[in-house]
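Chemist: Would you be able to build a 3D model of this:
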Amino acid sequence: MAGLSELHAFRAFQKRRREWRVFGDVPQEQLPPGAVAIAHGLDIRHLLPLLKQGVVIASAKVFHRVWQLYVAHIFIFLIFAALVSYNTLAFQNPASGKKLHVAKFFAEPHIAVIRALELRFQPTFLDILPLYIVLLAGFPLVLLLLRQHVLTAVVVSFAVYLAAQTFGISLHGYPGNQAWFFNPLAWQFLFVIGAAYGYPRSAEHPIVSPLGWLIGPAAMIVAASAAIKLSWTVHDAWGTVPAILIEQLWPIDKSNLAPLRLLHFLALAVVVVHFVPADARFLSWRVTQAINRCGQHSLQIFCLGIVLSVLGHFILAEWSDNLPAQLAVNAAGFALMIGTATLIGWYRAINRATSPV
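Modeler: Reported below is the predicted structural model:
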């Protein structure tokens, strides 16, 4: 269900190259981790007027968003726990709690609830928002470093990223003091890269001029990655087809944002920026406009996507998980998210039209 948000990230990236929106219209915190750098680098410009009033004002804006995300996360956690509880009792399927990593909630709810409030208890589907909450909560410090010098922020962030890669440093969760699935100490580097790109660009003092020589290597990285991934997918279906470089590359650590993942994302961003102009015709198609509406209300749609993902998991687990069923579940989920985004937009338009000037 997160695919719509990924697509919207690049849609928003292109659109905002020519038109800036109010900070928070498309909250970058709700994009999947791979889109954090792009979206954050674009939205940082809207903090610049606040920075003129001082870091305190800008930080207050950031912490207001952090609070919104925290409340949304706790609300979705309660819905998630209720859905899993119902499925466990209605279908006599205690295994579902273990698969979704929520079994501890049933074993010791008094402790699990406290750990959820601390963002340490992160069942399946509920490990993304805590990452964004922590990254945003630390953003005032990033702002201070950016004001000193953009490279200062990047160098400090890289040092933290390198320490996370080298020494396995991470935040610890619950149960068992296990590490967070998305390590904020690693993913913050992508976050700061986006901030560093957006900060001088917004101030009309870019770090570097566009480097055309990057296009060739970036395109080759993207093409090679697509071919390798395709071979792995085909190999899973037909074992006789060789999986290219799977022994050398797998596993590519997602929790700690392995350098290969980071390199691939940056290469993909370079390719999209170069080959997809801001006025590309396909960006005006109805389907892309529908995706754009989901991004305009991304916090609501993200939360809805989590609920739909849990329901889809139950449907596939209890009835059928064949290909037609998977396609039907995904199609229904996309339709519900797009329909909900359209409804929210229509409702807000009515409120604006009827509100007094």
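Chemist: just the helices in the stretch 251-357 of the chain please.
Modeler: In the stretch 251-357 of the chain, helices defined by DSSP state H, counting those that start in this stretch lie at 259-275, 286-296, 298-318, 323-354, listed in chain order.
Chemist: Go through these and find the least confident stretch.
Modeler: Note on the helices of the stretch 251-357 of the chain: helix 286-296 shows the lowest mean pLDDT, a mean of 84.
Chemist: Low-confidence ranges, the stretch 1-150 of the chain, go.
Modeler: By pLDDT under 70, the weakly predicted segments of the stretch 1-150 of the chain are 1-54.
Chemist: how about the longest helix along the chain: buried residues?
Modeler: Across the chain, the longest stretch assigned as helix under DSSP state H is helix 55-90. Residues of helix 55-90 classed as buried under the neighbour-count rule (16 or more other CB atoms under 10 Å) are 55, 58-59, 61-62, 65-66, 68-70, 72-73, 76-77, 80-81, 83-84, 87-88. C-beta coordinates here come from the backbone N, C-alpha and C atoms, glycine included.
Chemist: coming back round to it: as JSON lines, the helices of the stretch 251-357 of the chain with mean neighbour count and distance to residue 243 would be great.
Modeler: Compiled in JSON lines, the helices of the stretch 251-357 of the chain are given as follows (neighbours: other CB atoms under 10 Å; distance: least, CB to CB, whole Å):
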{"stretch": "helix 259-275", "mean neighbour count": "17", "distance to residue 243": "16"}
{"stretch": "helix 286-296", "mean neighbour count": "19", "distance to residue 243": "32"}
{"stretch": "helix 298-318", "mean neighbour count": "19", "distance to residue 243": "25"}
{"stretch": "helix 323-354", "mean neighbour count": "14", "distance to residue 243": "21"}
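Chemist: To residue 238, which of those lies closest?
Modeler: helix 323-354 (15.0 Å; CB to CB).
Chemist: by contact count, what packs against the longest helix of the chain?
Modeler: helix 48-52, helix 95-99, helix 103-107, helix 109-117, helix 129-137, helix 139-148, helix 298-318 (3 or more CB pairs under 8 Å, 6 or more residues apart in numbering; DSSP states H and E).
Chemist: With residue 252 as the reference, name the closest of those.
Modeler: helix 129-137 (18.1 Å).
Chemist: Check what contacts the closest one and list those residues.
Modeler: Residues from elsewhere that reach helix 129-137 (CB atoms under 8 Å, 6 or more residues apart in numbering): 29-30, 33, 36, 62-63, 65-66, 69-70, 72-73, 76, 119, 122, 171, 180, 182, 184, 187-188, 191, 302.
Chemist: same deal with stretch 241-251?
Modeler: Contacts of stretch 241-251 with the rest of the structure, by CB under 8 Å, 6+ apart, involve 227, 228, 231, 232, 234, 235, 260.
Chemist: Give the burial count for the first one, as a bare number.
Modeler: Think residue 227. Residue 227 is flanked by 12 other residues according to other CB atoms under 10 Å.
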